[in-house]
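A.B. asks: can't give you the sequence, but here's the structure:
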């Protein structure tokens, strides 16, 4: 009887193993998840730059006004403090035959401080500084303020636009106050 019980138990165990699903089972693999990549909020704007500008200058004073193309060169240095950028720039622009009531305006030189927000590939900034206009009756010194934006096409090349408002009180000791507005497109190489 012992043999019958033992044989029956072995038969049941063997039958259970055979009666199971004959296809092998595999564990479902865990999906692979990429680790998040930290994207910096700002670009690196620290360094020197130089470039060319082209735009339009609109001049008004003494009951006269004129406007025309302006083109020039500029250079400067920016320092990036994270999302705040501070820098300085020197710019020279020439004008083609701007006439303000018989006074020719030949060129404008600007010394600007610019401060702005580092938005990654874009730099949005404000400008404050001094301007000097060379005219047919002498030099006129004044103030300049404005807004601009530069965009990094590559790490070394930027394009941008800038609006500048000028104020020349008693321009070249003429007794005439002159206002000038410039809109410029810019391209620069960064070093």
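C.D. replies: The structure has been received and is ready for your questions. Quantities reported herein were computed from a predicted structural model and do not represent experimental measurements. Residues are numbered from 1 along each chain as shown.
A.B. asks: Give me the pLDDT for residue 8.
C.D. replies: The per-residue pLDDT reported for residue 8 equals 55.
A.B. asks: Counting by contacts, list what the one helix or strand residue 126 maps to packs against.
C.D. replies: Residue 126 belongs to strand 122-135 when assigned by DSSP states H and E. Here strand 122-135 touches strand 84-100, strand 103-119, strand 138-152, strand 157-168, going by 3 or more CB pairs under 8 Å, 6 or more residues apart in numbering; DSSP states H and E. Every C-beta, even on glycine, is put in place using the N, C-alpha and C of the backbone.
A.B. asks: Could you export the ones you listed to TSV, including columns for mean neighbour count?
C.D. replies: Putting the helices and strands packed on strand 122-135 into TSV (neighbours: other CB atoms under 10 Å) gives the following:
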stretch	mean neighbour count
strand 84-100	18
strand 103-119	19
strand 138-152	18
strand 157-168	19
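A.B. asks: Residue 181: which of those is closest?
C.D. replies: The minimum distance between residue 181 and the helices and strands packed on strand 122-135 falls on strand 157-168, with 5.5 Å, by CB to CB.
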